[in-house]
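*Asks:* Generate a structure from the sequence data that follows.
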Amino acid sequence: MTLRSIVPLLLAGSLVGAIAGCAASHEEVKQDHDMMAMEDAALASLAITSPHEGEVVSGPDVSVSFDLRNYTVASGSQHIHLILDNQPYVPVYDASKPFVLKNVPAGSHTLRAFPSRAWHESLKNPNAFAFINFAVGAPDGSHSIDPAAPLLTYSRPKGAYEGKAADSILLDFWLRNATLGPDGYRVRYTVDDWATTLTEWKPVKLTGLSDGTHSIKLELLDPTGAVVAGEYNSTTRVITVKH
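*Replies:* Below is the predicted model of the structure:
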């Protein structure tokens, strides 16, 4: 396996066409930038309006509704990342109608959601993150989020990266109740057997990954270097790369 230069993400537009699953062309992303110039992303806010916190729904399909303000989503462009428990996110391109999660198992569950740029970089203002605890059928305590506890949410990378998309792969995450710094919380990411630690909340791009499968692990560390307790504060995904 070759590694890899891993550097802070510079201009997000440089990722156009390099992030898997992004259907926008160069021109379309320029239009996204123009649209963003008219919007203040710092004012974007997102809430999950259904299910409600603590609600028990019949299932197995769960209808999720949003209240998204000061941000525009559209097919193939800006969107919402929606995460059930700790599964890979699903993109939501229309916040005006419910999004249906199919065949959700019985028991306790969590939902997390945040707006994303067209190239899958998350908005990182406090009002842009929403979460709830709910249950299907009856609660069983299998999944929950403590609103007062530090929380790491894995966003990217996920899935398969082929061709140009394999040249520059976005690594991004969301933080709640934790401030990164040399003497504070840190995020450690491990690519296969190679690890580094972040002291700033910024996306990075992974380059130079060899063809094949790669393990990506994200962990939230406390100031002592220990992994913070919580089922979502250490997450591993496997991606595939083919140039």
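*Asks:* So the protein: which segments form each domain?
*Replies:* 5-19+148-242, 26-136 (automatic domain parsing).
*Asks:* mind putting these in TSV, mean neighbour count and distance to S142 included?
*Replies:* For the C-beta atoms, the positions are set from N, CA and C on the backbone; glycine is no exception. What follows is the domains of the chain, written out as TSV (neighbours: other Cβ atoms under 10 Å; distance: least, Cβ to Cβ, whole Å):
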stretch	mean neighbour count	distance to S142
domain 5-19+148-242	17	9
domain 26-136	17	5
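*Asks:* Could I get those in a markdown table, plus columns for mean pLDDT?
*Replies:* Compiled in a markdown table, these are given as follows (pLDDT from 0 to 100):
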| stretch | mean pLDDT |
| --- | --- |
| domain 5-19+148-242 | 89 |
| domain 26-136 | 90 |
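*Asks:* Contact partners for A41?
*Replies:* Contact partners of A41, counting by Cβ atoms under 8 Å, 6 or more residues apart in numbering, are 70-71, 123, 125, 128.
*Asks:* Between those residues, which sits nearest E55?
*Replies:* Comparing the contacts of A41 against E55 with Cβ to Cβ places A128 closest, at 22.6 Å.
*Asks:* Distance check, the closest one against P147.
*Replies:* 16 Å (Cβ to Cβ, to the nearest Å).
*Asks:* next one: A41
*Replies:* With distances taken as Cβ to Cβ, A41 is found 24 Å from P147.
*Asks:* cool, and A44?
*Replies:* Counting by Cβ to Cβ, the separation of A44 from P147 is 20 Å.
*Asks:* Repeat that for V104.
*Replies:* V104 is 22 Å from P147, by Cβ to Cβ.
*Asks:* what does S50 give?
*Replies:* 18 Å.
*Asks:* if we can go back for a sec, which one of the contacts of A41 sits closest to L84?
*Replies:* Of the contacts of A41, the one sitting nearest to L84 (Cβ to Cβ) turns out to be A128, at 18.7 Å.
*Asks:* for the closest one, what are its contacts?
*Replies:* 41, 44-46, 71, 114-115, 122.
*Asks:* The contacts of A41 in helices, which ones?
*Replies:* The helices, defined by DSSP state H, take in nothing from these.
*Asks:* Please tabulate those residues in a markdown table, including the columns distance to S155.
*Replies:* Below are those laid out as a markdown table (distance: Cβ to Cβ, whole Å):
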| residue | distance to S155 |
| --- | --- |
| N70 | 20 |
| Y71 | 16 |
| L123 | 11 |
| N125 | 15 |
| A128 | 12 |
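*Asks:* Sort out which one of these lies nearest S77 for me.
*Replies:* For the contacts of A41, the closest approach to S77 (Cβ to Cβ) belongs to Y71, at 11.2 Å.
*Asks:* just checking, the closest one touches Q78?
*Replies:* Yes. Contact criterion Cβ atoms under 8 Å: Y71 and Q78 qualify, at 6.9 Å.
*Asks:* residues shared between the contacts of these two?
*Replies:* Joint contacts of Y71 and Q78 (Cβ under 8 Å, 6+ apart) are P115.
*Asks:* hey, what's V191 bridged with?
*Replies:* Beta-bridge partners for V191, by DSSP bridges, are W194, I216.
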